[in-house]
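Engineer: my questions concern the predicted model and sequence given below.
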Amino acid sequence: METQPHPHHRAHIAVGILCTALASAAAFQYFFYDQQYGVALALFLLFVLAGIHVLTALAGGRGNVWAYFFLVPFGISLAATMLYSSEPVRLLSLLISVFSLAFFAFWFSVPRTDFRDVKSLWPFSFFLESFIPFPRLGAFGRELVRNRGQMSKVLVGAGIAIPFLLLFGMLFISADGVIRQMFLELFADQSLFWYFVNKSAWTIISFLFFASAGYALASRITERRSPEFGDDPEPLDAVVVNTFLVLLNILFLGFIAMQFFTLFGGEKFLQAASVTYAQYARQGFFQLLGVSAIVFGIVAVLYRFTGLRHWLTRILAGAFILQTGVIIASAIRRLLLYIDTYGLTLSRYWAFVAIVLIALALAVTLAAMLAHAPHYRFFNTLFMSSVCLLSATLLFNAEAHIVRVNTERFLSDPTRQFDALYLGARLSSDAVPVLADAFARIEVASNIPLDVAEAFLGLLKVKRQELRERMNQDWKRATISDYQALASLERMFAGE
C-alpha cells in the first residue's frame, strides 16, 4: 500500500526551500561575492551541493545514480581552483564546476531514466530551470502560504515587498539631493554607501535565484516532471550533404598537398618565398585551430541531422575527418616550431591543449560513426568524457611547466632570448617556486643583463608583498600555490 504524504508536506518542503535559499544567499555573500575562485569558490559550491541533497531528500526523491558522474569534473575543478592561481585555471574551474553542478542537480531530481535512453543531456528545460528559474517564484510563494495563518501570509507579503522597497528607495534617493546627502552622511565615504547598496541588491537577487531554483528542483521530484525531448528532425537530403562534403574534401586535399611542399617538405620552398619557418608557423596556427573547430561543428551537425546512415555520407565524412587530422598535425608542428623560436607562453600552452582536445573529439566521432552509434548516445558520452578530460588538464601546473621549458631552452642555447620580465610579471604564484630556482640556475650559468636581472628581482619582491597582504587580509582568496610561492620568496630574500 502506497504511503500517503502528510497533508502539510508541500508546505513543509516550501519552508525547507526558504531556509536553504536563505543559507545559500548568505554563503554567496560570504564566499562568492568578492572572489569567484580558490577556497571561497570551493566552499560555496560544496555548500550548494549539500543544499541540493537536503532538498532532494526533503522532497522524497532518490534520483538518477548516474548523475553523480557529473560530480567527477566538479570535484576535479574545485581541487584545481584551490591548488592554482592561474587565470585560465580560475576561469575554467568556475565554468566547469558551476555547469557540472547544474547538470547534477537537474538529472538527480528528474524521474529515474536509463542513461542510454536520454536523448539529450541539455533539454530546453535544463537551461530554463537551472539558470533562469525566476518564473517559478509565484508557485513557490503559493506553496509557502499553503494552509498557513494570516501572520505567515503577512510575512510572505512583506518579503515580496522588500526588493521593491529597495528599488523605489534607491530611485527616490537618486532623485532628491537632500535625501541623498542625508544617506551619504551615514557612511564614512560615498564608495561605502554604494558598496552597501550593491551588496544588498545581490543578496536579494541571490536569494530569489536560490529560492526559485530550489522550488524547480523540488517540484521536479514531487510532480515527477520529466524533461521533454522534441522529435528527431527530418534528415537532410543525402545528395545535398554528399555534394557539400565532396567539395570540402577537394579543398582540404589541395591544402594538404601544399603542406607537404612547405611545412613537411623542407625549407627550400619557403626560402624561395623569403619566409622563415618561424614566420610561417606564426602566421598559420590559430587559423588551423579555427579550421579544426569548425570541422568538428560541421561533422556534429551532420551526425545530428543525418545520423550518417548513408554509406557514401559516412565515407565522405570519414575522409573529411582524416584530412582534418593531417591539418591538425600541421598545426601542432607549426606551434612547436613557433615555441622553439619564441618560447612557450600561457596562450600557446592552452592553444595546444585546445587542438589536442579537438583532435580527440574528432577521433571519437570517427569511431562512433563507424560503429553506427545513435547520435544522442554519442553526443551524451562525448560531452561527459570531454568535460572530465578538460577538468583533468587543470590539475597540471602549466605555468611551472612553462618556466621549465623556457629555462631549459635558454640553458641549452644561451644565444636565445630568456624573457624574464614576461615570466616574472605575467605568470601567477603557480610559477614562482620553479621561477626562483630557474633564475638562480640561469644567473650562475650565463650573463643576464644587469637591468633585466634587477627588474626581475623587483617583480618578485612586489609579488612577495602582494602575497603577504592577500593572506593577511582574506584567507578565502589564497590558494595552495600562493602559500608555496610566499614560502619560496621568503627563502629567496631571507637575507633582506
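Structural biologist: Good, I have the coordinates. Bear in mind that the values here come from a model prediction, so they are computed numbers and not experimental data.

Engineer: in terms of helices and strands, where is the nearest residue to residue 134 once chain neighbours are set aside?
Structural biologist: Computed as CB to CB, 6 or more residues apart in numbering, the closest residue to residue 134 that is not its neighbour in sequence is residue 212, at 5.1 Å. Heads up, the C-betas are built off the backbone N, CA and C, glycines and all. Per DSSP states H and E, residue 212 falls inside helix 190-222.

Engineer: got the buried residues for that helix?
Structural biologist: Buried positions in helix 190-222, judged by neighbour count with 16 or more other CB atoms under 10 Å: 193, 203-204, 206-222.

Engineer: hmm, who's touching the next helix or strand after that helix?
Structural biologist: Per DSSP H and E, the first helix or strand lying C-terminal to helix 190-222 is helix 238-261. With CB atoms under 8 Å, 6 or more residues apart in numbering as the test, helix 238-261 has contacts from 269, 298, 302, 306, 310, 312-313, 316-317, 319-320, 323-324, 326-327, 330.

Engineer: going through these, which ones are buried?
Structural biologist: Taking 16+ other CB under 10 Å as the criterion, what is buried in the contacts of helix 238-261 is 298, 302, 306, 310, 313, 316-317, 319-320, 323-324, 326-327, 330.

Engineer: figure out the helix or strand that the residue nearest the centre of the chain lives in.
Structural biologist: Residue closest to the average C-alpha location in the chain (CA atoms, centre = their mean): residue 95, at 2.6 Å. Per DSSP H and E, residue 95 falls inside helix 87-109.

Engineer: that helix: which residues count as buried?
Structural biologist: Neighbour counts over helix 87-109 (16+ other CB under 10 Å) mark 88-90, 92-94, 96-109 as buried.

Engineer: cool, and stretch 15-24?
Structural biologist: For stretch 15-24, burial by neighbour count (16+ other CB under 10 Å) applies to 16, 17, 18, 20, 21, 23, 24.

Engineer: and of those residues, the nearest to residue 397?
Structural biologist: Using CB to CB, residue 24 comes nearest to residue 397 of those, at 32.3 Å.

Engineer: who touches the residue lying closest to that closest one once chain neighbours are set aside in this structure?
Structural biologist: Sequence neighbours aside, residue 210 is the residue nearest to residue 24 in space, at 4.2 Å (criterion: CB to CB, 6+ apart). Residue 210 makes contacts with 20, 21, 24, 25, 28, 51, as judged by CB under 8 Å, 6+ apart.

Engineer: pretty sure the first one sits against residue 51.
Structural biologist: Spelled out, that is residue 20. Yes: using CB atoms under 8 Å, residue 20 makes contact with residue 51 at a distance of 4.6 Å.

Engineer: common neighbours of the two, please.
Structural biologist: Common contacts of residue 20 and residue 51 (CB under 8 Å, 6+ apart): 210, 214.

Engineer: what distance do you get for the residue nearest to residue 134 to residue 205?
Structural biologist: Look at residue 212 and residue 205: by CB to CB, to the nearest Å, they are 11 Å apart.

Engineer: now do residue 375
Structural biologist: For residue 375, the distance to residue 205 - CB to CB - is 38 Å.

Engineer: then residue 56?
Structural biologist: For residue 56, the distance to residue 205 equals 24 Å [CB to CB].

Engineer: cool, and residue 66?
Structural biologist: Plainly put, residue 66 is 33 Å away from residue 205 if you go by CB to CB.

Engineer: could I get stretch 110-129 in PDB with only the CA atoms?
Structural biologist: What follows is stretch 110-129, C-alpha atoms only, in PDB (Å, rounded to 0.1, in the frame of the first residue of the first chain):
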ATOM      1  CA  VAL A 110      14.100  14.100 -12.500                       C
ATOM      2  CA  PRO A 111      12.400  10.700 -12.600                       C
ATOM      3  CA  ARG A 112      14.800   7.800 -12.900                       C
ATOM      4  CA  THR A 113      15.900   7.300 -16.500                       C
ATOM      5  CA  ASP A 114      18.400   4.900 -18.100                       C
ATOM      6  CA  PHE A 115      21.400   6.900 -19.300                       C
ATOM      7  CA  ARG A 116      21.200   5.100 -22.700                       C
ATOM      8  CA  ASP A 117      17.700   6.300 -23.200                       C
ATOM      9  CA  VAL A 118      18.400  10.000 -22.600                       C
ATOM     10  CA  LYS A 119      18.100  11.800 -25.900                       C
ATOM     11  CA  SER A 120      19.800  15.000 -24.800                       C
ATOM     12  CA  LEU A 121      21.600  16.000 -21.600                       C
ATOM     13  CA  TRP A 122      20.700  19.600 -22.200                       C
ATOM     14  CA  PRO A 123      16.900  19.900 -23.000                       C
ATOM     15  CA  PHE A 124      15.500  23.400 -23.000                       C
ATOM     16  CA  SER A 125      14.000  22.800 -19.500                       C
ATOM     17  CA  PHE A 126      17.500  22.300 -18.200                       C
ATOM     18  CA  PHE A 127      18.600  25.800 -19.100                       C
ATOM     19  CA  LEU A 128      15.300  27.400 -18.100                       C
ATOM     20  CA  GLU A 129      15.100  25.800 -14.700                       C
END
